[in-house]
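Engineer: sequence and predicted structure, then a few things I'm wondering about:
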Amino acid sequence: MRRFNDLADFSREEIQDLIALAGRLDQHPEPRALEGKVLSLLFLSPSLRTLSSFQAAMIRLGGGAFVISPDMSIHGLESRYGVVMDGSAAEHMREAIPVIASYGDAMGVRAFAERRDLAHDIADKDFQALTALIDKPWINMESAIDHPCQSLADWKTLDDMGIPANKGKFVLSWAYHPKALPLAVPSATIHMAAKRGMDVVHLRPPGFELPPAIMARARKAAAESGGSVRETTDRREAMEGAHVIYAKSYSSTRHYGDKLGDQALREELVGNWCVDEPWFANARPDCKFMHCLPVRRGVVVADRILDGPRSIVIPEARNRMVVQMAVVYRMMKG
Amino acid sequence: MRRFNDLADFSREEIQDLIALAGRLDQHPEPRALEGKVLSLLFLSPSLRTLSSFQAAMIRLGGGAFVISPDMSIHGLESRYGVVMDGSAAEHMREAIPVIASYGDAMGVRAFAERRDLAHDIADKDFQALTALIDKPWINMESAIDHPCQSLADWKTLDDMGIPANKGKFVLSWAYHPKALPLAVPSATIHMAAKRGMDVVHLRPPGFELPPAIMARARKAAAESGGSVRETTDRREAMEGAHVIYAKSYSSTRHYGDKLGDQALREELVGNWCVDEPWFANARPDCKFMHCLPVRRGVVVADRILDGPRSIVIPEARNRMVVQMAVVYRMMKG
Amino acid sequence: MRRFNDLADFSREEIQDLIALAGRLDQHPEPRALEGKVLSLLFLSPSLRTLSSFQAAMIRLGGGAFVISPDMSIHGLESRYGVVMDGSAAEHMREAIPVIASYGDAMGVRAFAERRDLAHDIADKDFQALTALIDKPWINMESAIDHPCQSLADWKTLDDMGIPANKGKFVLSWAYHPKALPLAVPSATIHMAAKRGMDVVHLRPPGFELPPAIMARARKAAAESGGSVRETTDRREAMEGAHVIYAKSYSSTRHYGDKLGDQALREELVGNWCVDEPWFANARPDCKFMHCLPVRRGVVVADRILDGPRSIVIPEARNRMVVQMAVVYRMMKG
């Protein structure tokens, strides 16, 4: 495997094979599989789960990782091309990235969206420019528009919980949050659930529709897998018979990059988009709650949901490490 | 071993067994003992020795560790329960801790006291709330009131130096410091020396008595081990025939959480509570000096003591790594 | 090997042997060679390559490293001796360094020059005071006046590129930079090239001569190796028939520690000391460009040089990891 950038690059069989490998490595550890192997990790955006779980994955397989992030006492990094670097940045990505890559057998990169121009972010232009500088296998640890490690972990979590692939009903719901967050997780999630063959309902208030390109991609995946994708603003209709609700806040796509416009729209929704028990009235009794974390309690979801039997957010987060073992194993060992 | 939170949870025989294992692993390395094993380290308070020595201990045994601390570019962590998280904190401890724990085979946590309410800190309420969220073996890397890794290292250091357990005289002395520091080390230390069977004298100026609950715990340990515990303000009497003096500054317990009251009392003592050679006039000629570090030179102790033959602070600090090898070995291998 | 502080401490044969070992470990990995071994890394100055490449080197050989740097949430570190530590620093180097060293089998230290007094920095007094506290094998990861890991990597890179040792022409050129940078890299580099037996030309504007002690040391190395060292301000003469140009900015040695004086001299040179294609007019057609990185694009060197066939800065940076594998191997395994 040369890159792990997008679940869409893999067939369902390849994904199922990766998940099977992940489960095997979790149940039957191979602590020497990657001895002497190095994973380079570059975090241009904050992290807790990804930072921890990739290091843990490498140690479990007998190798190791090193971390570079801009909050370390390193020199500022420039990413624009062709500029005269007489300001505060002392190093360019065009040197930093190949150098960091050269020390590892594979490299992970995280760089969130700038959220200025929607088309630019959907095309993942900045991330493509960064990763084009890597001549090793590489992993998308969350870009402007994708988060394949999260999606692979989510797929495995759905499997682990016995939630059906075909005829399983997956609700992806917008949730309130005080800030405008990136589109990476909802975009990756709707595609993942569709590709898994589920009946996907995207529940969101007006102004928080996902971009047409993202919806088209999900519909295409559903068409191939026997699933379906539809959108609604009607919570009751969305939750009817649901197996699982996946909550995620993100910026308004109508006011993308327009902080004040987004804020105005968002503030109208305070208090009405925090997932709580009444949402589940007509869902399946054992309907589960998923979230990629971090999650704001009492804002995105009520404490009683997170602390009750519906929540599977902790095994979901643990699966990050488990599936990433499979990804680095395939990259470094084959 | 499911938790390493307090030396009081272990019998003297269990402690001696851990120290023997530590010595064996130091003399006869087992670089594959913990291959593929991961220690999760969460630092909610600053560290140098603990941060370094746990990582080194894991590498020496063939495993590894990862570190999460709030000075990294992670999301702020909320610890209060039941709040609406619409402020700066983007993640709750109730998610962060189980997730971090899920990536490791054991977990270490450091969280200093808030020093607002003495009874609250003595009961270690905040730390208990944090560690209750861990479903793996866990290690107290210093809480509001305890520091068992330091105490185990100190016990081994006393053994290494040939200082007798019974009939050995151990002076725990308050020392000056410009700031009000936590009670964890003096509380753990007085209990450790008493449990080892030593004749313990607690030397401190008025206002810096240790809390009655801490003293009672130490006296109970002494009663079981054949040691003794007493308190004094008389330096000459305290140092008479001493084998070792252990210096530690900490906040006034009469003015706990009252910064100005503590400061007023503290300032009267400047210049008179810095351990120096005259203190040793009537001690044993080979009386040793211990300190958990970091230590302020010329404030807590004179340069000539730290740089002379009495000081055993460096082997004491090295023993942190050595005993922690034994703790993680017992937790992960049995 | 007890210390790796200066290439001058090693014979040419010893250096060639280290480089051969480095090449062998790169081609034929030994992922268990240093199992259970720990490298302690103390960064008192910023780093990207050194930070990454030492961690990667240890993992590749089956051991590991831990990192302490002052941007972590550790206590401030005091280095002056004999002071009363009642200010912000809570720990002295005299404790911190032996403790950090005690957790490892070897230790690396980075501490840049203060750039106040030239003679003081040339004698590397501060670094010697720090490293005198280490009772383990240790590595200079860049001091006030030396950077032996960079020089060893550079030597190997010259070998890898087939640039001749004797009769190879090596141009060390000053370059413009908005800040006054340390002398460590130019001082180490001119000595390395001379010791390798090359014909070394030091090209620099008036005021940026290297100190006489540094030049004398390089000339002595050249005399022993059959190389030569000369200085010029004439770019055309310098570049005539050159095999390689190594660019590096550094502070004026005439105005050392005098920020305004340095700045005045430096500003006159803006725009005229950025390495670009015209510099190579009379060099060998395949003349290469080297730099230790980080490098400011459009300031020190033009984009088209860094992005063209002359640049060997990425393999040069990768060689940091490769030669450091040999250094730690010799220190920990023999």
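Structural biologist: All right, it came through fine.
Engineer: please make it C-alpha for all contacts and neighbour counts, starting now.
Structural biologist: Noted.
Engineer: and the gap between the residue in the stretch 101-250 of chain A that chain B sits nearest to and residue A:267?
Structural biologist: Closest to chain B within the stretch 101-250 of chain A is residue A:178: 6.3 Å, counting by Cα to the nearest Cα. Distance, residue A:178 to residue A:267, by Cα to Cα, to the nearest Å: 8 Å.
Engineer: more crowded one of those two?
Structural biologist: Remark: of residue A:178 and residue A:267, residue A:178 carries more neighbours, 18 against 12, as counted by other Cα atoms under 10 Å in any protein chain shown.
Engineer: element containing the closest residue to chain C within the stretch 1-150 of chain A?
Structural biologist: Nearest residue of the stretch 1-150 of chain A to chain C: residue A:36, at 3.9 Å (Cα to the nearest Cα). Taking DSSP states H and E as the definition, residue A:36 sits outside all helices and strands.
Engineer: residues contacting the closest residue to it other than its chain neighbours?
Structural biologist: In space, and not counting its chain neighbours, residue A:36 is closest to residue C:60: 3.9 Å by Cα to Cα, 6 or more residues apart in numbering or on different chains. Residues near residue C:60 by Cα atoms under 8 Å, 6 or more residues apart in numbering or on different chains: A:35-38, A:63, C:29-31.
Engineer: repeat the analysis, applying 6 Å as the threshold.
Structural biologist: Residue C:60 makes contact with A:36-37, C:31, according to Cα atoms under 6 Å, 6 or more residues apart in numbering or on different chains.
Engineer: which helix runs longest in chain A?
Structural biologist: Criterion DSSP state H: the longest helix present in chain A is helix A:313-332.
Engineer: mind checking how far that one is from the chain centre?
Structural biologist: In terms of Cα atoms, centre = their mean, to the nearest Å, the centre of helix A:313-332 is found 13 Å from the chain centre.
Engineer: any regions of the stretch 201-334 of chain A where pLDDT drops low?
Structural biologist: Along the stretch 201-334 of chain A, segments meeting pLDDT under 70 are nowhere present.
Engineer: so which residues of it form helices?
Structural biologist: Assignment of helices within the stretch 201-334 of chain A using DSSP state H, counting those that start in this stretch yields the ranges A:212-225, A:235-239, A:259-267, A:303-306, A:313-332.
Engineer: and the longest helix of chain A, which residues are buried?
Structural biologist: A:313-329, A:331-332 (16 or more other Cα atoms under 10 Å in any protein chain shown).
Engineer: repeat that for stretch A:236-249.
Structural biologist: A:236, A:238-249.
Engineer: could you chop chain A up by domain?
Structural biologist: Domain assignment for chain A by automatic domain parsing gives A:3-147+A:317-332, A:162-311.
Engineer: dump those into JSON lines; add distance to residue C:43 as well.
Structural biologist: Output for the domains of chain A, formatted as JSON lines (distance: least, Cα to Cα, whole Å):
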{"stretch": "domain A:3-147+A:317-332", "distance to residue C:43": "9"}
{"stretch": "domain A:162-311", "distance to residue C:43": "31"}
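Engineer: which residues of chain A lie near chain C?
Structural biologist: A:35-37, A:64, A:73-74, A:84-85, A:90-91, A:99, A:102 (Cα under 6 Å from any Cα of the partner chain).
Engineer: for these, work out which two are farthest apart.
Structural biologist: Longest distance between any two of the residues of chain A next to chain C is 42.2 Å, between A:35 and A:84; criterion Cα to Cα.
Engineer: if we can go back for a sec, what sits closest to the residue of the stretch 101-250 of chain A closest to chain B if chain neighbours are left out?
Structural biologist: Counting by Cα to Cα, 6+ apart, residue A:178 lies nearest to residue B:86, which is 6.3 Å off, once chain neighbours are set aside.
Engineer: so that neighbour, which of the three states?
Structural biologist: Assigned by DSSP: H, G, I helix; E, B strand; the rest coil, the conformation of residue B:86 is coil.
Engineer: mind listing what the residue nearest the centre of chain A touches?
Structural biologist: Against the mean C-alpha coordinate of chain A, by Cα atoms, centre = their mean, the closest residue is residue A:147 at 3.1 Å. Counting by Cα under 6 Å, 6+ apart, residue A:147 touches A:184-185, A:188.
Engineer: can you check residue A:251 too?
Structural biologist: By Cα under 6 Å, 6+ apart, the contact set of residue A:251 is A:180-181.
Engineer: separation between it and residue A:257?
Structural biologist: Shown here: residue A:251 relative to residue A:257, a distance of 8 Å by Cα to Cα.
Engineer: one more: residue A:225?
Structural biologist: Residue A:225 is 34 Å from residue A:257, where distance means Cα to Cα.
Engineer: what do you get for residue A:58?
Structural biologist: Relative to residue A:257, residue A:58 is positioned 37 Å away (Cα to Cα).
Engineer: so which of those two has more stuff around it?
Structural biologist: Taking neighbours as other Cα under 10 Å, residue A:58 and residue A:257 compare with residue A:58 leading, 27 against 17.
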